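Peer 1: Coordinates only, no sequence provided:
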């Protein structure tokens, strides 16, 4: 098949997969600021080297960009990784050698880094920050060996490859979901459908997983190593790529780095050093004091928000002046993933403090420098 025809087929696949980009749910990723690194021993020298490796993993995971490890500022930070460290500990893991069946002891260093210090470093250097609320990714994959046999990766099939994919996804902080490939999935999708990137069955089968991102990947095993061809649909963006490695693990590492970088580029928030853009966030459904408290905690944790102030209150309707960290698109994207705030049509919202309103809203003084005179109003309902 010519490259032109292959390119056309890939474009067609991705254009059909685009309809899946509007699915509403995301995932909260844990342990973003923790790392586990293999060490030769428990010496101070081995620990310092492992701390640098662990911090590099955390910086890549939190920024959503594997390229930052080549930056001079990051290289300097890795040399003094202990200043970002909160705590560390060791553990010993025993595994069976695949060669002679004997037990092999591996020493691991578990290290936790300070979230505030890491985020401050990334902001100071102008790197993006990706919050723990991340889009679900459903990964339809299949493998073909040199003999031409093809099998899906998921369910009861290819457990070793499943573990490898899940391990590398966790390394990048990606909430990747592998299909169950139970009777419901297999009634729609087979290995041949993934290999041929047949759109209709993949589109139909993906609906049950309610993912924000749909990825199709083909793993080809050759005498020289492994090659992965992948296609991804995310919002209105269509992307495809190929990676290879001398081993299956190397190919999967490269594939997951590409996936993490591409999804991270869409969702990580690029901080701005200038006075942020401001919008008004009109929230209904704040019925009780606990709702107000939870909403405030939520706004504190949204990385797309630099600052917020309560501006007006009328019953269960609250209005906040929001100073954005970067832009409005980043805020709306965060809200779509979290689903703590659900968008409301403006025509269903009663304006706060209108001229004909018999019960004017309470006006709360604002003291936000650089505020726009007529900021845009966003209408949402609290769903926390």
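Peer 2: Now that the structure is in, tell me what you want to look at. It should be emphasised that the depicted structure is a prediction, and the values quoted were computed from it without experimental measurement.

Peer 1: In contact with the residue nearest in space to the middle of the chain, which residues are there?
Peer 2: When C-alpha atoms, centre = their mean is applied to the chain, the residue found nearest the centroid is residue 134 (3.6 Å). Residues near residue 134 by C-beta atoms under 8 Å, 6 or more residues apart in numbering: 26-29, 173-175, 263, 267, 337. No exception for glycine: its C-beta is placed from N, CA and C like everyone else's.

Peer 1: so where's this protein uncertain?
Peer 2: For the chain, the stretches with pLDDT under 70 are 1-25, 97-100, 236, 271-275, 347-373.

Peer 1: repeat that with 50
Peer 2: Where the chain drops to pLDDT under 50, the residues are 1-24, 354-360, 364-372.

Peer 1: So it: which segments form each domain?
Peer 2: Listed by automatic domain parsing, the domain ranges of the chain are 3-22+132-267, 34-124, 278-382.

Peer 1: and the shortest one, how far from the chain's centre?
Peer 2: In terms of C-alpha atoms, centre = their mean, to the nearest Å, the centre of domain 34-124 is found 20 Å from the chain centre.

Peer 1: and what of stretch 204-221?
Peer 2: Centroid separation for stretch 204-221 versus its chain: 16 Å, with C-alpha atoms, centre = their mean.

Peer 1: Start and end of that stretch, how far apart?
Peer 2: The first and last residues of stretch 204-221 sit 28 Å apart, counting by C-alpha to C-alpha, to the nearest Å.

Peer 1: still on that earlier bit, next, the residue nearest to the centre of the chain: secondary structure please.
Peer 2: At residue 134 the chain is in strand, as set by DSSP: H, G, I helix; E, B strand; the rest coil.

Peer 1: can you map out the strands along the stretch 1-150 of the chain?
Peer 2: Counting by DSSP state E, counting those that start in this stretch, the stretch 1-150 of the chain has strands at residues 26-28, 34-39, 85-96, 103-113, 133-135, 137-144, 150-152.

Peer 1: The ones you listed: which one's closest to residue 77?
Peer 2: Minimum separation from residue 77 across the strands of the stretch 1-150 of the chain (C-beta to C-beta) falls at strand 103-113, 10.7 Å.

Peer 1: hmm, back to that, for PyMOL, write the selection for the buried entries among the contacts of residue 134.
Peer 2: Typed into PyMOL, the line below selects the buried ones among those, using 16 or more other C-beta atoms under 10 Å:
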select buried, resi 26+27+29+173+174+175+263+267+337
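
Peer 1: just the contacts of residue 134 now: which is nearest residue 216?
Peer 2: Nearest to residue 216 among the contacts of residue 134: residue 263, at 14.7 Å, using C-beta to C-beta.

Peer 1: helix/strand/coil for the closest one?
Peer 2: What three-state DSSP gives for residue 263 is helix.

Peer 1: Enumerate every residue touching it.
Peer 2: Neighbouring residues of residue 263 by C-beta under 8 Å, 6+ apart: 64, 134-135, 137, 174, 213, 232, 234.

Peer 1: can you do 10 Å?
Peer 2: Counting by C-beta atoms under 10 Å, 6 or more residues apart in numbering, residue 263 makes contact with 64, 130, 134-135, 137, 172, 174, 176, 212-213, 215, 232, 234, 239.

Peer 1: Now flag whichever of the residues you listed is closest to residue 114.
Peer 2: residue 130 (17.1 Å).

Peer 1: What residues does the closest one make contact with?
Peer 2: By C-beta under 10 Å, 6+ apart, the residues touching residue 130 are 29, 32, 61-65, 122, 173, 260, 263-269, 303.

Peer 1: Now with 7 Å, please.
Peer 2: By C-beta atoms under 7 Å, 6 or more residues apart in numbering, the residues touching residue 130 are 62-64, 264, 267-268.

Peer 1: Tell me the spatial nearest neighbour of residue 165, not counting adjacent residues.
Peer 2: The shortest distance from residue 165 to any non-neighbouring residue, by C-beta to C-beta, 6 or more residues apart in numbering, is to residue 252 (6.2 Å).

Peer 1: following the one helix or strand that neighbour maps to, which helix or strand comes up?
Peer 2: In the assignment (DSSP states H and E), residue 252 maps to helix 248-267. Following helix 248-267 in sequence order, the next helix or strand is strand 278-284 (DSSP H and E).

Peer 1: now that following strand, how far from the centre of its chain.
Peer 2: 25 Å.

Peer 1: That strand - which strands sit beside it in the sheet, and in what orientation?
Peer 2: Strand pairing for strand 278-284, using DSSP bridges, gives strand 317-324 (antiparallel), strand 376-382 (parallel).

Peer 1: Relative to residue 62, how far out is residue 31?
Peer 2: 11 Å (C-beta to C-beta, to the nearest Å).

Peer 1: Pull out the buried residues from stretch 69-80.
Peer 2: 69, 74, 77-78.

Peer 1: And for stretch 205-221?
Peer 2: Using 16+ other C-beta under 10 Å as the test for burial, stretch 205-221 gives 205-206, 209, 211-221.
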